[in-house]
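**Student:** Provided below for reference: sequence and predicted model.
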Amino acid sequence: LWSVFRAVHRGEGPRCVFLTGASGVGKTFLALWMMRRVAELGLAIPIFVHSHESGAVLHAARRVLGALGARTREEVRHRLARTVPLWVGDEAMSEIDALSRALAEDDESSPTWRERRVSLRRGLAVAARRRGVLAVVDDIDANPDAIDFAEDMLDTGTPILVVATAQTEARARQPEIAARLERFAARADVEEIEVTPLPPDAHRRLVRELLLLSDSLAEEVERTTDGNPLFAVELVGDWIA
Ligand SMILES: Nc1ncnc2c1ncn2[C@@H]1O[C@H](COP(=O)(O)OP(=O)(O)OP(=O)(O)O)[C@@H](O)[C@H]1O
Ligand SMILES: [Mg+2]
């Protein structure tokens, strides 16, 4: 992840790390950890897309652009101009205009997804050129809009790292999405990494230190959950409940 991030940071163009693997193996955890580190170090603007929410991409864009809480076009415009010091000059004003139209909820012309996409892509490209963007697209298989969005980000030619996640088994369930993700993963700017279960040592540490179990219980949890952090956390959670 970091080597791809460094390549993006050096200006080698946008890239995507596509984390795949079984349910509960730690894909979202890894993506969020990366996002937190990048945000703490101020290396890029973090953006999180939870693909299950309807309008997930728009929600995420609203958040990242500092427009949270602004509902009308004027409010969005005002907040964008004030809270996004990334934009300077004439380009800024026309981008802010286009974005405020795309993001506002009261716009009588109610832009289509296609129109919003164009504005989002351009707005995020401007932001990325100034500071870099790390966009986590979680459960990308849950929503075709999320795939559009990830592809758009990669087509901007600006410093954006997209970290996408998808369950291997979810891809098998939906043939159309699976075909799209197959093409997505085959792009030269996308690197698929399969997240595998925790190695025995790390799994043992998680079970013993994080969950504070006695030795005999810990051994049983380790055996039953076989490197899957979700199973371990849930199994013990059930006992507590
Ligand atoms: N390396 C880790 N250290 C400690 N806890 C972890 C680690 N990886 C995952 N977990 C925990 O295991 C659980 C499952 O992880 P996560 O949600 O990232 O799985 P996932 O692969 O995204 O699953 P899904 O496919 O269902 O979305 C979470 O509670 C998470 O906090
Ligand atoms: Mg997940």
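**Tutor:** Thanks, I have the structure now. Ligands and ions are numbered 1, 2, ... in the order given.

**Student:** count the residues that sit near A164.
**Tutor:** Residues within reach of A164, counting by other Cβ atoms under 10 Å, total 30. All C-beta spots, glycine's among them, are computed from the backbone N, C-alpha and C.

**Student:** phi first, then psi, for it.
**Tutor:** Torsion angles at A164 (phi, psi; degrees, to the nearest 10) stand at phi -100, psi 150.

**Student:** now swap in D226 and tell me
**Tutor:** phi 50, psi 50.

**Student:** model confidence score at it, please.
**Tutor:** Looking at D226, its pLDDT is 84.

**Student:** please parse this structure into its domains.
**Tutor:** 2-194, 200-240 (automatic domain parsing).

**Student:** what helix or strand is the residue most central in space within the chain on?
**Tutor:** Residue closest to the mean C-alpha point of the chain, counted by Cα atoms, centre = their mean, is V136 at 1.3 Å. Counting by DSSP states H and E, the element that carries V136 is strand 133-138.

**Student:** check contacts around V163.
**Tutor:** Taking Cβ atoms under 8 Å, 6 or more residues apart in numbering, we find V163 in contact with L1, C16, V17, L19, A31, M34, M35, L134, A135, V136, V137.

**Student:** ranges for the strands of this protein?
**Tutor:** 15-21, 45-50, 133-138, 160-167, 190-194 (DSSP state E).

**Student:** quick check: angle from the longest one to strand 133-138?
**Tutor:** Just to be clear, that refers to strand 160-167. 10 degrees (axes from the mean of the first three to the mean of the last three Cα atoms, to 10 degrees).

**Student:** quick one: the most far-flung residue of the chain relative to its centre and W239, what's the gap?
**Tutor:** For the chain, the residue at maximal distance from the C-alpha centroid (Cα atoms, centre = their mean) is S216, at 38.5 Å. Computed as Cβ to Cβ, to the nearest Å, the S216 to W239 distance reads 14 Å.

**Student:** kindly report the same for L124.
**Tutor:** In this view, L124 and W239 are 44 Å apart by Cβ to Cβ.

**Student:** tilt between the longest helix seen in the chain and strand 160-167?
**Tutor:** Looking across the chain with DSSP state H, the single longest helix is helix 113-131. With the same axes, to 10 degrees defining the directions, helix 113-131 sits at 130 degrees from strand 160-167.

**Student:** check the offset of helix 113-131 from the chain's centre.
**Tutor:** From the chain centre to the centre of helix 113-131 is a distance of 16 Å (Cα atoms, centre = their mean, to the nearest Å).

**Student:** buried set for it?
**Tutor:** 116-117, 119-130 (16 or more other Cβ atoms under 10 Å).

**Student:** counting neighbours, what do you get for E194?
**Tutor:** E194 has 12 neighbouring residues, counting by other Cβ under 10 Å.

**Student:** all set now, cheers.
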